[in-house]
Structure formats: structure tokens, C-alpha cells
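> Would you be able to build a 3D model of this:
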Amino acid sequence: MPPHSFLELYVEELKDLYSAENQILKALPKMIKAATHDELREAFETHRQQTEGHVQRLEQIFGELDESPRGKKCHGMEGVLEEGAELIQDGPEPAILDAGLIAAAQHVEHYEMAGYGSVRTWAKKLGFGTQMRLLQQTLDEEKATDALLTQLAEASVNADADAEADLTDGTDGPADMPERASSQRGPKAKRARPAAPRGTSRT
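Modelled structure (predicted):
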């Protein structure tokens, strides 16, 4: 049945988020196992623990509303997570996989940020002050995770993926390899000088 009131719309969106969070809880262990960058694994594990808290907050809100959190499946999150699962199944080189996992995780975060931003605003409009604060707390954690993933990507993961791609496609010769980004995962990996244009040789 479609929602017929603002309150019903609020409850429906909360159910969508509850389904999304539980799907994420099932997906994160696979992402943790697939990641090769130590700090990325730690970020995923931290967010897994946070996600458990997000589920508990939603259950608290449903208790206050005297509503069941179940009965709806978030197909949007299902599709986003399926893309990440396909990437893992495809099995690209480790550094490229890490970069792809960050992108997949940020798709998840942005989906959640949009949803939590809406219900936080609706809770305020409906006069649910406690619920608004709980939803804001979750929204803040989603934003912090997104920012951390961006930091990891820019500090090392993207450079590692770029270096690994060049080594795989053979555009760099032996003389270039010492100057490429370190294959060691971590924030201290340095960006290499640009490689020669594709299809040309060094002189």
C-alpha cells in the first residue's frame, strides 16, 4: 500500500533504510576479506561495527513509533551492492580491486546519506526530536566514512592502482619501475612521474 500521510512516508523510508543497513551488514565481511590494503580493511571493519549501531538506532526509532521495521526490501541498495559483488567476482589485480571497492563503498555511503538526510529532516518536521538526533548521529557517521574513503583513495590506493595497471599493460620498461608508486600498500606510497603516452617509446 502506498503511504497516505507524511508520517507513513517517514515510516516507509525508515523501513527502506533498515533493509539497506541489514544488506550492508551481510556485504561488508566479503569486502573486508577482498580488500588488500590494511587501512581499507580497517575502515570497512570500523564501518561494519558502526552499521550494527545504525540498525540498533533504527530499531529504537521503530519502537518509539510502535511500528515494525520489517516488511520492505531496499532494491536500490540491493543493486548497488550487487555491483560491488560483481567486481570482487571478476578478480582484478589487488590494487585495482581496492580502488574499485572504495568506489563501490562510496556509492553505498552516498545512497545512505541521501536517505538519512531526508528522514532526519522529516523527523524534525514531525516533531520527533529524539529520533532526529539519532538519525543525525548516523548521518554524521556515514559522512565521516565517506570522507575517510576519499582520503585513503587520494593518499595511496588510486596511485597504487594506476601503477599496477601500467605494470600489467606493459607500458613501463624496467628503467621506469623504481620510479613508479611503491607496491607496498599504505599512505606513504608516492605518486610516480607520468608515464610515456600510450603507444610511444622512451628515448
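
> any idea how far residue 105 is from the residue lying closest to residue 43 once chain neighbours are set aside?
Distances taken as CB to CB, 6 or more residues apart in numbering put residue 148 closest to residue 43, at 5.5 Å, once the chain neighbours are dropped. Glycine gets a C-beta too; all of them are placed from N, C-alpha and C. Applying CB to CB, to the nearest Å, the value for residue 148 to residue 105 is 10 Å.

> Between those two, which has more neighbouring residues?
Per other CB atoms under 10 Å, whichever of residue 148 and residue 105 has more neighbours is residue 105, with 25 against 19.

> OK, contacts around that one?
31, 44, 47, 84, 145, 149 (CB atoms under 8 Å, 6 or more residues apart in numbering).

> for those, which one is nearest residue 162?
For those, the residue nearest residue 162 by CB to CB is residue 149; the value is 17.3 Å.

> so that closest one is in which element?
helix 129-152 (DSSP states H and E).

> got a list of contacts for that helix?
Applying CB under 8 Å, 6+ apart, the contact partners of helix 129-152 are 37, 39-40, 43, 46-47, 50, 53-54, 57, 60-61, 64, 102, 105-106, 109-110, 112-113, 116-117, 119-120, 123-124, 187.

> Just the buried ones from those residues?
Among the contacts of helix 129-152, those classed as buried by neighbour count (16 or more other CB atoms under 10 Å) are 37, 39-40, 43, 47, 54, 57, 61, 102, 105-106, 109, 112-113, 116, 119-120, 123.

> related to what we said a few turns ago, where is pLDDT lowest across the contacts of residue 105?
Within the contacts of residue 105, pLDDT reaches its minimum at residue 84, with 91.

> Please verify my assumption that that one contacts residue 104.
Yes - assessed by CB atoms under 8 Å, residue 84 is found in contact with residue 104 at 3.5 Å.

> and for these two, which residues touch both?
By CB under 8 Å, 6+ apart, the residues touching both residue 84 and residue 104 are residue 31.

> Take the buried ones among the contacts of helix 129-152 and keep only those in helices.
39-40, 43, 47, 54, 57, 61, 102, 105-106, 109, 112-113, 116, 119-120, 123 (DSSP state H).
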